[in-house]
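Student: Fold the following for me, if possible:
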Amino acid sequence: MPYVLIINAAVSLIMGVALVLVWRKDRAQTFTRYIGFANLVQLWVPVIYGGMRYNMNAWQTPGGIALSVVAGAYTMLLILGTAQLANRTLSRSVATIIFISIASIDAIAVAWGGIYVAQAAMGTFNTLVGVLCTYWLWKPNATRSPSEKLVGPLLILLGLVQFIFVAYKLDGAEPLAAIGAVLRVALGLVLLNAALDRSTMAAHQMRRRFERLTERSLQGILISLGNRSIVYANPACLAIYGVSSLEELWVATVARTIPVAERATVSNIIAQIETDQISDASYEAERIRADGTHLWLRFHYFPSEWDGAPAVQVLISDETERHKATQALVHQALHDELTGLPNRASMIKSLRTRCVPDQANPSFVLILINLDRFKLFNEAHGPSMGDNVLKAVGSALRQVIPTHCEVMRLAGDEFALISAAHGKGDHAVEMVAAVKQLLGQPFEVAGQEVFVDASLGIALYPNSARDAESLLRAANAAMHAAKLTPGTSYRLAEKAFERGSSNALEQEQSLRVAIENEEIYLVYQPKVDARTGRLTSFEALARWNRPDVGDVSPVDFIAAAERTGLISTLGTALLRRACHQIAAWNKEFGTCVPVAVNVSPLQLLDPRFPNLVAQVLEESGVLPKFLTLEITESSAVQNLAQTVTQVDQLRAMGVHVAMDDFGTGFSSLNMLRSLNLHTVKIDRGLIDPLPLPNAIAVVRAICQLAEALHLHVVAEGVETTEQAEAAQLAGCGELQGYLYAKPLRPEHAAQWMMSMADTRSTNY
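Tutor: Numbering: from 1, shown residues only. From the prediction side, this is the model:
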């Protein structure tokens, strides 16, 4: 069969399948189904013509019959499709009559005048179909898109070109196939565009209907596409927040009033609804109106859709007045009337909430304070003077104790302090020091200077006790033991608490020794090309195997290094070690792949850091292109202007700079625009949910943004093949994670690099 006939058949197949798939996606587009099947039927025409050309005698009769059947089916489907396009309906009986009539006429034409007469008849029929379609779609009172109006003329041309075969006999089959293929492609594209126009119009109609139903609702209605954007809010919703547009609403609801801790809750609710884990969810929270007014709102989430995409609809009720009334009653029950501080009932409630048996709850510190010889104030000056002293002490404690800690008045002359979660020995020391400093100065009460001493009892959860009552008894016993010492004094409930403080000090001292003795070493985790799986680079990660203790988490010893000011020394040592390792690999293998080294935020605060990097590269003899420095969003946010300057200096040296853990903060887009980076590494928190559709959408959006800013994208934390495939399809250039390799010792990394030597990336 000539190539042009093969091409014609391929065009019919492709356009037919494409149109049928459009119908399967949107069953309202029935015209694409009929015209798509017409193209698939037309697929047989070049096949039959090819057979008739090369087997003229044997194929004439069966070929003519086959062409008659194909012609009838094709014309019938074409008429049904154009009728649907023109919003007209033909019954099955009419369609059957059309098929039988055209097939019969074509068969008679074949028998009476041969295949050329039959072809002329079919050309006439198809031209008339085009004329009919043009009439339907071009009527003055018909509102049609430009794409739909092109369908009729193209069908007329498809009918007229069939006369080429009549004029040139079998020699015209190939020109007919070629011209027909071009016209069929044009017709298919026009029909696809028409289907798209109709889908868009239908979506707009649904949106207008939805807006009419919701714009008069007294309850706020909001629709969002996951955590990405707000696409609709009714007037009641805008009025609740005191804004007039969706842009203002987005700022009012997310950037301004939703606390960071609560965003995780909201994101989790939305994710569960989008993944059909739950059908709806409700919760209440405080928000701030645009004019600064505090609101208490009730939110009800349930699944919806917007423009064909999954969405979440939120019903918002203003419960401010009810909440105020409830809070007033709760405040009365849980607060001391004299000082306004939380009372004993509030303390017991807080302790019971924190001390839950058989659960791993964060540690915290409880301090009981008893004012010494307080009766003397009442005996010497009367109860009102004592009340004024209590109010002065309560107010002063609230001022000197950190806001994230709880300050309470239990009864009489007793107060209590409860630290925030994760409070340990150093927090207790800070709180006790603040109280002692406070009580070392006089209080101004009723025009007099009054000095107050106190006894403090300290208990640590879970060291001192593991339930609320036992912890309170331990702190109370310690407080009474402190009373044995004159003046302001304190006692610990257990010796274990004191050991906890010394453990922290001991670890810091050991860290200094570890840096001097080079106990902290580097391991190297490979990064691979997302498409080919080839090794592209390594990331150097710090590890510490503390003698007689074992492995210490990098989170712990890096934090200790930053807290003690050792991070600059440690960071410089690790940078030198990484560069010397690069030099060693270069010497051994004749080349190397880039190695990424993490940079602490405190290192970036040093304006001499770029000079230090240049010095280390010169000492080790490593080319800058083999070094990548990874900074975090938090380090960039701390001093963006200085970070921009330092990144520009490093880039000028030829050192690549990457942003690590991208997507964990809220300043990412601004920083990407400001910083002259080479690479962004998508945080594992965004990679873990892959291949969920909403997770893919987020990663794809980051990759598209990075591409626009000419940034390379690395996905870290890849642990499964599904995650790797989804990240690659979303646009990530490199992948890193346990799926490929855990962090490796230098000798094992060298072996891994040798085994991949023939597949190294050439992107650097």
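Student: Same question for residue 287, what's its three-state structure.
Tutor: For residue 287, the secondary structure call by DSSP: H, G, I helix; E, B strand; the rest coil comes out as strand.
Student: meant to ask about residue 298, not that
Tutor: Residue 298 ends up strand, using three-state DSSP.
Student: Once you drop chain neighbours, what's closest to it?
Tutor: Of all residues not flanking residue 298 in the chain, residue 317 sits nearest, at 4.4 Å (CB to CB, 6 or more residues apart in numbering). C-beta coordinates here come from the backbone N, C-alpha and C atoms, glycine included.
Student: And the average pLDDT for stretch 372-382 is what?
Tutor: Mean pLDDT, stretch 372-382: 80.
Student: ok, back up a step: does the residue nearest to residue 298 sit in a helix or strand, and which one?
Tutor: Using DSSP states H and E, residue 317 maps to strand 309-318.
Student: So for whichever helix or strand comes after that strand, mean pLDDT?
Tutor: Using DSSP H and E, the next helix or strand after strand 309-318 towards the C-terminus is helix 320-334. What helix 320-334 shows for mean pLDDT is 84.
Student: Strands along the stretch 451-600 of the chain, start to end?
Tutor: Under the criterion DSSP state E, counting those that start in this stretch, the stretch 451-600 of the chain contains strands at 454-461, 489-492, 520-529, 535-546, 550-552, 595-598.
Student: Same check on the stretch 151-300 of the chain?
Tutor: Under DSSP E, counting those that start in this stretch, the stretch 151-300 of the chain gives strands at 220-225, 229-233, 281-288, 294-306.
Student: can I get those in a markdown table with mean pLDDT and distance to residue 352?
Tutor: Putting the strands of the stretch 151-300 of the chain into a markdown table (pLDDT from 0 to 100; distance: least, CB to CB, whole Å) gives the following:
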| stretch | mean pLDDT | distance to residue 352 |
| --- | --- | --- |
| strand 220-225 | 87 | 36 |
| strand 229-233 | 84 | 39 |
| strand 281-288 | 87 | 22 |
| strand 294-306 | 89 | 25 |
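Student: of all those strands, which gets the most neighbours per residue?
Tutor: Burial among the strands of the stretch 151-300 of the chain, expressed as mean neighbours by mean count of other CB atoms under 10 Å, is greatest for strand 220-225, which shows a mean of 22.
Student: which residues sit against that strand?
Tutor: Identification of contacts with strand 220-225 by CB atoms under 8 Å, 6 or more residues apart in numbering yields 214, 230-234, 236-237, 239-240, 249, 270, 304, 306, 309-318.
Student: Quick one: low-confidence residue ranges for the stretch 301-450 of the chain.
Tutor: Counting by pLDDT under 70, the stretch 301-450 of the chain contains low-confidence ranges at 358-359.
Student: Repeat that for the stretch 501-650 of the chain.
Tutor: Scanning the stretch 501-650 of the chain residue by residue, the ranges that satisfy pLDDT under 70 are 501-506, 634-638.
Student: follow-up on the earlier one: comparing the strands of the stretch 451-600 of the chain, which comes out most buried?
Tutor: For the strands of the stretch 451-600 of the chain, the highest mean count by mean count of other CB under 10 Å goes to strand 454-461, at a mean of 26.
Student: mind listing what that strand pairs with, with the direction of each?
Tutor: Strand 454-461 has its sheet partners listed here by DSSP bridges as strand 364-371 (antiparallel), strand 489-492 (parallel).
Student: Just the pLDDT at the spatially most distant residue from the centre of the chain, thanks.
Tutor: Taking CA atoms, centre = their mean, the residue of the chain most remote from its mean C-alpha position is residue 112, at 70.3 Å. In this prediction, residue 112 carries a pLDDT score of 75.
Student: Equivalent analysis for the one 4 residues further on, please.
Tutor: Residue 116 is assigned a pLDDT of 70 by the prediction.
Student: again with residue 95
Tutor: Residue 95 is assigned 79 on the pLDDT scale.
Student: Okay, buried residues for the strand or helix carrying it please.
Tutor: Using DSSP H and E, residue 95 maps to helix 92-113. Going by neighbour count (16 or more other CB atoms under 10 Å), the buried part of helix 92-113 is 95, 98-99, 102-103, 105-107, 109-110.
Student: Likewise for stretch 347-364?
Tutor: Quick answer for stretch 347-364 (16+ other CB under 10 Å): 347, 350-351, 354-355, 363-364.
Student: got a list of what residue 368 touches?
Tutor: Applying CB under 8 Å, 6+ apart, the residues near residue 368 are 410, 414-416, 456-457, 472, 475-476, 478-479.
Student: again, only this time at 6 Å
Tutor: Counting by CB atoms under 6 Å, 6 or more residues apart in numbering, residue 368 makes contact with 416, 457, 475-476, 479.
Student: Please pick the buried ones from these.
Tutor: With neighbours counted by 16+ other CB under 10 Å, the contacts of residue 368 contain buried members at 416, 457, 475-476, 479.
Student: measure the closest residue to residue 266 other than its chain neighbours to residue 241 for me?
Tutor: Of all residues not flanking residue 266 in the chain, residue 258 sits nearest, at 6.7 Å (CB to CB, 6+ apart). Separation of residue 258 from residue 241 (CB to CB, to the nearest Å): 12 Å.
Student: and those two? which has more neighbours close in?
Tutor: Between residue 258 and residue 241, counting by other CB atoms under 10 Å, residue 241 is the more crowded of the two (26 against 17).
Student: Please tell me how far the more buried one sits from residue 311.
Tutor: According to CB to CB, residue 241 and residue 311 sit 19 Å apart.
Student: So in this structure, which helix runs the longest?
Tutor: Determined from DSSP state H, the single longest helix within the chain is helix 173-214.
Student: Check the gap between residue 443 and residue 362 for me.
Tutor: 34 Å.
Student: Packing partners of whatever helix or strand residue 352 lives in?
Tutor: Residue 352 is located in helix 344-354, with elements delineated by DSSP H and E. With contacts defined as 3 or more CB pairs under 6 Å, 6 or more residues apart in numbering; DSSP states H and E, helix 344-354 has these neighbours: strand 406-411.
Student: Show me what the strand it packs on is packed against.
Tutor: Of the remaining helices and strands, those touching strand 406-411 by 3+ CB pairs under 6 Å, 6+ apart are helix 344-354, helix 383-400, strand 414-418.
Student: elements contacting the last one?
Tutor: To tie it back to what came earlier, the one meant is strand 414-418. Counting contacts by 3+ CB pairs under 6 Å, 6+ apart, strand 414-418 packs against strand 364-371, strand 406-411.
Student: And the next helix or strand after the longest one, how far out from the chain middle?
Tutor: In the C-terminal direction, the helix or strand that comes right after strand 364-371 (DSSP H and E) is helix 375-381. The gap between the average C-alpha position of helix 375-381 and the chain average comes to 63 Å, counting by CA atoms, centre = their mean, to the nearest Å.
Student: my guess is residue 36 contacts residue 16, does it?
Tutor: Yes: the pair formed by residue 36 and residue 16 meets the contact definition of CB atoms under 6 Å, at 4.9 Å.
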